[in-house]
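Novice: Fold the following, please.
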Amino acid sequence: MNIQSQLSTRDELELGPSLNSADFGSRLASTKHEARNALTVIRVGLESCQRTQLSPAVNNKITIIVSEVDRLNYLLNELLAQNNHSKLQFELLSRLESGTSLPLCLTTNPPQR
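Specialist: Numbering: from 1, shown residues only. From the prediction side, this is the model:
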């Protein structure tokens, strides 16, 4: 991907002032996808370097960087999960306030184990 298309992608992902919850969730998912693609390329490149003859010190640094890439992926997943949880809470509160019935799965007791 060239610099111009990267910049236009970033411009498309910028949050506007009239962003509603659905738009935000969609853009967040898109941003997560783009970030994970970049992190995957970095991780694969680092793993490729690890398969070559490198000094133990360099291998150690690469291992640390791979660990940080994994941590960033985890944080992206947490961010998206938090957004999904917030949207669900908002929808449930809206339904309760408006008197709309809740889905059956949310009104029945879960099966006992």
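
Novice: where in this protein is pLDDT low?
Specialist: 1-22, 84-113 (pLDDT under 70).

Novice: who's in contact with stretch 32-51?
Specialist: Outside stretch 32-51, the residues that touch it by Cβ atoms under 8 Å, 6 or more residues apart in numbering are 9, 13, 59, 62-63, 65-66, 69-70, 72-73, 76-77, 79-80. Heads up, the C-betas are built off the backbone N, CA and C, glycines and all.

Novice: Just among these, which is most surrounded?
Specialist: Counting neighbours by other Cβ atoms under 10 Å, V69 leads the contacts of stretch 32-51 with 20 neighbours.

Novice: and it, what does it touch?
Specialist: 39, 42-43, 46.

Novice: how far away is it from V44?
Specialist: According to Cβ to Cβ, to the nearest Å, V69 stands 10 Å off from V44.

Novice: about what we covered before: so which of the contacts of stretch 32-51 is the closest to R27?
Specialist: Nearest to R27 out of these is L13 (Cβ to Cβ; 5.8 Å).

Novice: Turn the contacts of V69 into CSV, including secondary structure, distance to L54 and neighbour count.
Specialist: Compiled in CSV, these are given as follows (DSSP: H, G, I helix; E, B strand; the rest coil; distance: Cβ to Cβ, whole Å; neighbours: other Cβ atoms under 10 Å):
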residue, secondary structure, distance to L54, neighbour count
L39, helix, 21, 16
I42, helix, 17, 15
R43, helix, 16, 17
L46, helix, 11, 15
